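Colleague: Sharing a sequence plus its predicted fold:
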Amino acid sequence: MAPTETLPILPLPQEIINLIVDEVAVDSKTDKDSLDALRACSLVSRSFHCHSRRHLFSHIEFLGNKSGQKRAGRLVKILENRANTDLVAGIRSLTLVLDMNSNWPPAMLHPDRLYSRSRKLYLRVTSKLGRREDNLLKLLDILSRASLEIFALEAQGGSLDWISVNARAKAIFLAIRSNPSLNSLRLSSIINLDPVLVAGEAPSNNLRELTLSNVGPLSASGLPSRILPPSSNNLAGIERLDLLNTPHSYIFPLPSPPSASPSHYLPRLKSLVIDFPLSDVVLDGLWKFILQFSPTLESLDIREISWSRLLTFDYISTSIAFSQLPALRHVRLNEKHGSAPRHSLYTMIALLFSPVPRREFEPVRIELVIAVELCETEFIQHLPPIEWRVLDKILTHPMHSVHLRMVFLDITVLPRPTADDGSHIMVTPHHARNFLPGVATSPSIQFDVNIQAAAPD
């Protein structure tokens, strides 16, 4: 018998290998799965290694805590290695999270005067530790030269006071903000924020998304100020604005002259995410703020919907009219998570009575997210509380059902007072559907339920 011939295995073209790695990077369900898969790909062969590594370094999320300096130093060595010159060029996203609870006083948080006075002592200590300068600042300086598309600066465990950031760090952050390739900026938990960090310094209007969460402007002598400078064209390209726990008056005080109105700053705004106010004065100002984007606004996401004694059902339903937004295509209402949902549901119902723009071929899409805490006993009652029955009738009424496309019910189950035998009922999605039976059985509404047990005390 003649020996069988083995056919040579032809190597795949590098373009095909790159496409395989690209699919691995985007096909994973979670970021951890993606990283694990890319690490495995990088070990297959040299042809897989290079492209996998570019994906691994394309997004950098750095936690600044007491061990941050060592990790920053290691990353600096990797990026400065001559064999890794392509890594910096491939970085597209940077998230910097500063842990305000950690006992790590990096140089960026030293005021300039204090920093200069303690410079000799600082250098002497860092020299003994093998670090002649702040590695985190050095890392940020390297990353500021990358073609970043996304930048996020967040503080956790407290707020970052912008006044405490020294001049060198501010210059690096401003260089990142002014990067012409940057199209998404997210700032979280920062007080006394300099407006220049939001608007940028160099002429550039490439920014497409801006998120401000728990942000306060720089104030002088206790007087309220604003986050944006009096005039700026650097935000003209923004299409999405998220204001989370950040009053809109910090951005655009009303009334404002036409030359400094919100529409003047953001003439292309299509999507707005904003918190629901708790007083009639703030609600009036918020609606006037929203109306300034009426020619272009297509998506409105109202979050943290709750109840206040200062807002009545009639006032809400008559003060807000979605029909005044002719470009509107999508409304999303998110109820604030709480243990007393009754009044919050009525607030959401009042918003649903707001008329919407009429379109013959493409109705406005309305989505509801209801996050509530319910006791076990409420699931075994014969009828759900009256506010749920009212909400179900309203949502399935033809006036609303033509627009309603999705309802997501996020329920945290609180244990009932322990019975004599210590038993508990098992709450299932079937129990939850009894709260909104009409919505759950409607063929035109996507109804999703998430049930989780309350964390033990």
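Modeller: Yep, it's here.

Colleague: contacts and neighbour counts: CA atoms only from here.
Modeller: OK.

Colleague: List the residues that contact residue 271.
Modeller: Residues near residue 271 by CA atoms under 8 Å, 6 or more residues apart in numbering: 239, 240, 241, 297, 298, 299, 300, 301.

Colleague: helix/strand/coil for residue 205?
Modeller: coil (DSSP: H, G, I helix; E, B strand; the rest coil).

Colleague: Tell me how many other residues crowd it.
Modeller: Residue 205 has 20 neighbours, counted by other CA atoms under 10 Å.

Colleague: picking that back up, which one of the contacts of residue 271 has the most neighbours?
Modeller: Most surrounded of the contacts of residue 271: other CA under 10 Å gives residue 297, at 24 neighbours.

Colleague: what's the distance between it and residue 404?
Modeller: Residue 297 is 19 Å from residue 404, where distance means CA to CA, to the nearest Å.

Colleague: and what of residue 39?
Modeller: 43 Å.

Colleague: swap in residue 314?
Modeller: 22 Å.

Colleague: Of the two, give the one with the bigger neighbour count.
Modeller: A side-by-side neighbour count of residue 314 and residue 404, using other CA under 10 Å, places residue 404 first with 25 against 12.

Colleague: what's the neighbour count on the closest residue to that one other than its chain neighbours?
Modeller: In this structure, residue 404 finds its nearest non-sequential neighbour in residue 366, 4.6 Å apart by CA to CA, 6 or more residues apart in numbering. Residue 366: 23 surrounding residues under other CA under 10 Å.

Colleague: Over to the one 4 residues further on?
Modeller: Number of residues near residue 370 (other CA under 10 Å) recorded here: 21.

Colleague: in what helix or strand does residue 285 lie?
Modeller: Per DSSP states H and E: residue 285 is located in helix 280-291.

Colleague: which is the next helix or strand following that helix?
Modeller: Toward the C-terminus from helix 280-291 - assigned by DSSP H and E - lies strand 299-305.

Colleague: angle of that following strand against helix 280-291?
Modeller: Inter-element angle recorded for strand 299-305 and helix 280-291: 160 degrees (by axes from the mean of the first three to the mean of the last three CA atoms, to 10 degrees).

Colleague: Neighbouring strands of strand 299-305 in the sheet, and parallel or not?
Modeller: Paired neighbours of strand 299-305 in the sheet (DSSP bridges): strand 271-275 (parallel), strand 330-335 (parallel).

Colleague: Would you tell me which of these gets closest to residue 60?
Modeller: Closest approach to residue 60 among those (CA to CA): strand 271-275, 25.7 Å.

Colleague: Let's verify residue 141: helix, strand, or coil?
Modeller: helix.

Colleague: pLDDT for the contacts of residue 271 - can I get that in a markdown table?
Modeller: Formatted as a markdown table, those follow (pLDDT from 0 to 100):
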| residue | pLDDT |
| --- | --- |
| 239 | 94 |
| 240 | 95 |
| 241 | 94 |
| 297 | 93 |
| 298 | 93 |
| 299 | 93 |
| 300 | 93 |
| 301 | 93 |
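
Colleague: Of the residues you listed, which pair is most distant in space?
Modeller: Counting by CA to CA, the most remote pair of these is 239 and 301, 13.8 Å apart.

Colleague: any low-confidence regions in the stretch 101-250 of the chain?
Modeller: Low-confidence segments of the stretch 101-250 of the chain, defined by pLDDT under 70, are located at 102-133, 202-204, 218-232.

Colleague: which residues of it fall in helices?
Modeller: Using DSSP state H, counting those that start in this stretch, the helices of the stretch 101-250 of the chain run over 112-117, 119-128, 135-143, 167-177, 195-199.

Colleague: picking that back up, verify the assumption that the residue nearest to residue 404 is located in a helix.
Modeller: No: looking at residue 366 with three-state DSSP, it is strand, so not inside a helix.

Colleague: Let me see the contact set for it.
Modeller: 330, 331, 332, 333, 403, 404, 405, 406.

Colleague: Out of the strands paired with strand 299-305, flag the one nearest residue 435.
Modeller: Per CA to CA, nearest to residue 435 of the strands paired with strand 299-305: strand 330-335, 15.9 Å.

Colleague: Quick check: buried residues in that closest one?
Modeller: 330, 331, 332, 333, 334, 335 (16 or more other CA atoms under 10 Å).

Colleague: got the contact list for the first one?
Modeller: Spelled out, it's residue 330. Going by CA under 8 Å, 6+ apart, residue 330 touches 298, 299, 300, 364, 365, 366, 367.

Colleague: Beta-bridge partners for the third one, please?
Modeller: So that's residue 300. Beta-bridge pairing for residue 300 (DSSP bridges): residue 272, residue 331.

Colleague: list the contacts for it?
Modeller: 271, 272, 273, 328, 330, 331, 332.

Colleague: just to revisit the earlier point, now flag whichever of the contacts of residue 271 is closest to residue 188.
Modeller: Distance to residue 188 across those (CA to CA) is lowest for residue 241, with 13.6 Å.

Colleague: and residue 181, what are its phi and psi?
Modeller: phi -90, psi -10 (degrees, to the nearest 10).

Colleague: Could you count how many residues lie near it?
Modeller: With other CA under 10 Å as criterion, residue 181 counts 18.

Colleague: buried ones in stretch 315-329?
Modeller: 316, 317, 320, 321, 322, 325, 326, 327, 328, 329.

Colleague: I'd like the distance from stretch 14-30 to the chain centre, please.
Modeller: Relative to its chain's centre, stretch 14-30 lies at 26 Å (CA atoms, centre = their mean, to the nearest Å).

Colleague: Show the backbone phi and psi for residue 51.
Modeller: According to degrees, to the nearest 10, residue 51 has phi -70, psi -30.
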